[in-house]
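> Quick one, what's the 3D model for this:
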Amino acid sequence: MATSDEDKRARPDDIEISSVSEYLSAIENGAPNDSFGLPELDVYVYRGVANSASHKLVPSLFRNLEILEEFTVGERLTKWGVLERGILTKFKEGARPHLSIAPRDDIEWLILARHHGLPTRVMDWSKSPLVALHFAIDSDDCENPAVWQAMLGRSALIGQTYSLPQLDSEFANSDRHAFGYYQGPVTNRAVAQQGVLTIHKLPGDDQPFTTVDEQSVELSGFMMLRRIFIAPAAKERIRRSLLSLGISNASLFPDLDGLARSILRDPTRRF
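Numbers count the residues shown, from 1 in each chain. All right, here's what the predicted structure looks like:
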């Protein structure tokens, strides 16, 4: 089937960069801003991945189909819905004694659960291309680092709250499978990393999740999506450039953990 001009604009070809200046130039000049009548660069979000060959754009909840074997469908929920509600209920029950301020809705609960390692339908992005570039190359074993650049077609209304049933109803009444969430629990890390989240529709029954980049443009919720590869030989040079621009673990994780990670990365540098 032939690729339409709209599809080509929404899914531009992958590119490779070998310096921070090339990267920023690619973002400024290579994205199809005018095609959507949105010339501002701040409409984009970014996600850095260390191993793009193996890392798929799939929220953590959907990465292990075998986990569904224990569940049966009931209460008009899919198996994914039963799993999600079970996880979140247990997390709420155990987390409340540890919280001075509880999340205000189920999306904030999902975000908190994701932050502490539980699988959810939430994916992390950043409004900053440099933050995403840091996360792509920070790992010692980053073999195929890349940054995904995306434009979201729809965002949650600021101030609106969602229960899980409301969230599922929202998707049931929309032809989009994801939307952006620019609010949520404000933490020092979230602020430093300029965090943005995408919330994704649950697949039907026990069906697998189709990776975002393989979903159709009409349904995915992403008006534009492309991948920017980082040349392996340029990783160390780019790391040094990011440090000179003030992008490091110490700045993105403004706590003692971040400081320690930065010292281990570059013991001779003062942070």
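
> for the chain, where's the lowest mean pLDDT among helices and strands?
Least confident helix or strand of the chain, by mean pLDDT, DSSP states H and E, is helix 256-265 with a mean of 68.

> helix or strand right after the longest helix anywhere in the chain?
The longest helix of the chain (DSSP state H) is helix 79-95. Remark: after helix 79-95, the chain's next helix or strand is helix 106-115, criterion DSSP states H and E.

> list the helices and strands that following helix packs on?
Applying 3 or more CB pairs under 8 Å, 6 or more residues apart in numbering; DSSP states H and E, one finds that helix 106-115 contacts helix 79-95, strand 122-126, helix 164-172, strand 195-200. All C-beta atoms are positioned from the backbone trio N, CA, C, and that covers glycine.

> now the angle between helix 106-115 and the longest helix of the chain, please.
With axes from the mean of the first three to the mean of the last three CA atoms, to 10 degrees defining the directions, helix 79-95 sits at 80 degrees from helix 106-115.

> Would you map the strands across this protein?
15-17, 44-49, 122-126, 146-152, 178-181, 195-200, 222-230 (DSSP state E).

> Kindly export the last one (C-alpha atoms) in PDB.
Same thing as strand 222-230. Extracted in PDB, the C-alpha atoms of strand 222-230 (Å, rounded to 0.1, in the frame of the first residue of the first chain):
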ATOM      1  CA  PHE A 222       0.700  11.200  17.700                       C
ATOM      2  CA  MET A 223       0.500  13.700  14.900                       C
ATOM      3  CA  MET A 224       4.200  13.400  14.300                       C
ATOM      4  CA  LEU A 225       6.800  10.800  15.400                       C
ATOM      5  CA  ARG A 226      10.400  10.200  14.300                       C
ATOM      6  CA  ARG A 227      13.500   8.600  15.600                       C
ATOM      7  CA  ILE A 228      16.900  10.400  15.800                       C
ATOM      8  CA  PHE A 229      19.800   8.000  16.200                       C
ATOM      9  CA  ILE A 230      23.100   9.000  17.900                       C
END
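
> That one pairs with which strands, and in what direction?
Next to strand 222-230 in the sheet, as set by DSSP bridges, lie strand 15-17 (parallel), strand 146-152 (antiparallel).

> from the chain's centre, how far out does the shortest one sit?
So that's strand 15-17. Between the centre of strand 15-17 and the centre of its chain there are 20 Å (CA atoms, centre = their mean, to the nearest Å).

> returning to what we had before: Throw the helices and strands packed on helix 106-115 into TSV and include distance to Asp138, mean pLDDT and mean neighbour count, thanks.
Below are these laid out as TSV (distance: least, CB to CB, whole Å; pLDDT from 0 to 100; neighbours: other CB atoms under 10 Å):
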stretch	distance to Asp138	mean pLDDT	mean neighbour count
helix 79-95	28	91	16
strand 122-126	13	94	22
helix 164-172	32	91	15
strand 195-200	16	93	24
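
> between the ones you listed, which one is nearest to Ser60?
For Ser60, the closest of the helices and strands packed on helix 106-115 is strand 122-126, at 8.1 Å, according to CB to CB.

> which intervals of the stretch 51-200 of the chain have sub-threshold pLDDT?
70-76, 184-186 (pLDDT under 70).

> Any idea which residue is closest to the centre of this structure?
Asp124 (2.7 Å; CA atoms, centre = their mean).

> any idea how far that residue is from His116?
13 Å (CB to CB, to the nearest Å).

> Glu214 too?
Plainly put, Glu214 is 29 Å away from His116 if you go by CB to CB.

> is it true that Lys201 touches Ala178?
Yes - under the criterion of CB atoms under 8 Å, Lys201 makes contact with Ala178 at 6.8 Å.

> Compare the two and say which is more crowded by neighbours.
Ala178 (25 against 20; other CB atoms under 10 Å).
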